[in-house]
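> Dropping the sequence and predicted coords here.
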Amino acid sequence: MREFYKKHWNAITNVALLAATLVIAAIAFKLVIPYFLPFLLGLILAVAIEPVVGLFQRLKMPRAAATGMAMLVTVGSLAAVAWLTVSKLIVELARFLANAPSHTSIMKDQSSLLMQRLQSYAEGFPPEFTHHLNKNAEMLTEMFSEKLSLLAREILGVITGLPNQLLLVVIALIAAFFFSKDLPILKKKMLSAIPREYHHKFEIMAGEIYHSSIGFIKAQAILSAITSLVILAGLIILKTEYVVAISLLGGLVSPIPVLGVGTIFIPWIIISLLEGKTFMAAGLIILFFAVVVIKHSIEPKVLGENMGIAPLSVLISLYVGYELFGAYGFILGPFVLITYNALQKVKAFAWLFREGSGGTAGPD
């Protein structure tokens, strides 16, 4: 064992240092991200619109003017879509909140009816058992009704609170403009800080990170759009209310690991059963499985074509990122995976397992 440590001391030390650096970086990121979020979003936007800036520059526009036009076109289009989407969501969620008391009342009535049936089946059981059964059922119904109303209010609160994030958005847009305008200068400064023999590898790595990041966004947008369309078609067939809001929310929660659209469908199926709508519950179960099967059937192809990374690796990065950093993890997790993949392609980790000269490095 002593000989093993002597022989591989360099590799062990390098791996330990890398692991410690990653842990410290993760903790630091978690602490500082709320303060640097507008600038991080600005940098991401600046990199994302670079092809559009290049297009305007080919029309003989100065860099600053090309950046302004690219932001106007890109951000304007996104803002228009977001405005229409949020407006529709607010209208349908407000209608849902207005109808929430009636849904709660129906659930209570159906629960009482269910309890009466259970009592008729449980006539031979001791009175204490029946009493506890009634009490627990009432508690569950009350708790579920409260959670339903609370969830709807929280969703509406998040959407209506979006205007309060205006300052963050404004700072992010200003930062994006300056990042984009000076992006060639920033690239030159970064290259000047790196030894010349590593310039080629750095350019390959940067290109890989850029294309994979854009590919990830594109892949998630495609999967979310398909999920929304499948849900929309299914809900139209089932003739439900709030069709647009639910299909849009389904697309938004689709990238969430493990649960995904289950965060919408599972509670809805339970509510439908409690309200006695067995046909609706059966239809929702079929639609839920259809969405899951369709998404998981096309996911490997979409992710493979756009990112060149295994879907399981992407799923793990999303889950671990979310567990470590919450909502920020949906961005950070895949970004770390993409960066790792790019570093692997330029053999950046070869130094980790480089042996010490003559095998003499290590503890005595």
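Here it is on my side, so go on.
> Spell out which residues make up each domain of this protein.
50-182, 205-351 (automatic domain parsing).
> mean pLDDT for those domains: which is lowest?
Note on the domains of the chain: domain 50-182 shows the lowest mean pLDDT, a mean of 75.
> residues near Ser87, how many?
11 (other Cβ atoms under 10 Å). Placement of C-beta: from N, CA and C, glycine included.
> how much space is there between it and Leu249?
15 Å (Cβ to Cβ, to the nearest Å).
> Compare the domains of the chain and give me the one nearest Val32.
Of all the domains of the chain, it is domain 205-351 that lies closest to Val32, at 11.2 Å by Cβ to Cβ.
> Just say which of the domains of the chain is most tucked in.
Of the domains of the chain, the one with the most neighbours on average (mean count of other Cβ atoms under 10 Å) is domain 205-351, at a mean of 17.
> how close does Tyr322 get to Leu315?
From Tyr322 to Leu315 the distance is 11 Å (Cβ to Cβ).
> Likewise for Gly260?
10 Å.
> so what's Phe288 up against?
261-262, 265-266, 269 (Cβ atoms under 8 Å, 6 or more residues apart in numbering).
> Touching the helix or strand hosting Val52 from outside, list them.
Using DSSP states H and E, Val52 maps to helix 50-57. Applying Cβ under 8 Å, 6+ apart, the contact partners of helix 50-57 are 63, 65-67, 69-70, 73-74, 180, 183, 210.
> 6 Å - rerun?
Outside helix 50-57, the residues that touch it by Cβ atoms under 6 Å, 6 or more residues apart in numbering are 66-67, 69-70, 74, 180.
> TSV please, covering the contacts of Phe288 and showing secondary structure.
Shown next, in TSV, are the contacts of Phe288 (DSSP: H, G, I helix; E, B strand; the rest coil):
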residue	secondary structure
Val261	coil
Gly262	helix
Phe265	helix
Ile266	helix
Ile269	helix
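> Among these, find me the one that's closest to Val47.
Val261 (29.9 Å).
> doesn't Ala290 make contact with that closest one?
No: in this structure Val261 lies outside contact range of Ala290 using Cβ atoms under 6 Å: 10.5 Å.
> before we move on, the earlier item: now render the contacts of helix 50-57 as CSV, adding distance to Val52.
Shown next, in CSV, are the contacts of helix 50-57 (distance: Cβ to Cβ, whole Å):
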residue, distance to Val52
Ala66, 8
Thr67, 9
Met69, 8
Ala70, 4
Thr74, 6
Ser180, 10
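> Most widely separated two among the residues you listed?
Farthest pair in the contacts of helix 50-57, by Cβ to Cβ: Ala66 and Thr74, 12.1 Å.
> Return the alpha-carbon coordinates of the helix or strand Ala172 falls within using CSV.
With elements taken from DSSP H and E, the one containing Ala172 is helix 166-181. Presented in CSV, the C-alpha positions along helix 166-181 are these (Å, rounded to 0.1, in the frame of the first residue of the first chain):
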residue,chain,number,x,y,z
LEU,A,166,-38.0,44.9,-13.1
LEU,A,167,-34.8,46.2,-11.6
LEU,A,168,-33.0,42.9,-12.0
VAL,A,169,-34.2,42.7,-15.6
VAL,A,170,-33.0,46.2,-16.4
ILE,A,171,-29.6,45.7,-14.9
ALA,A,172,-29.3,42.3,-16.7
LEU,A,173,-30.1,44.0,-20.0
ILE,A,174,-27.7,46.8,-19.5
ALA,A,175,-25.0,44.3,-18.5
ALA,A,176,-25.8,42.2,-21.6
PHE,A,177,-25.3,45.2,-23.9
PHE,A,178,-21.9,46.1,-22.5
PHE,A,179,-20.8,42.4,-22.4
SER,A,180,-21.9,41.9,-26.0
LYS,A,181,-20.4,45.2,-27.2
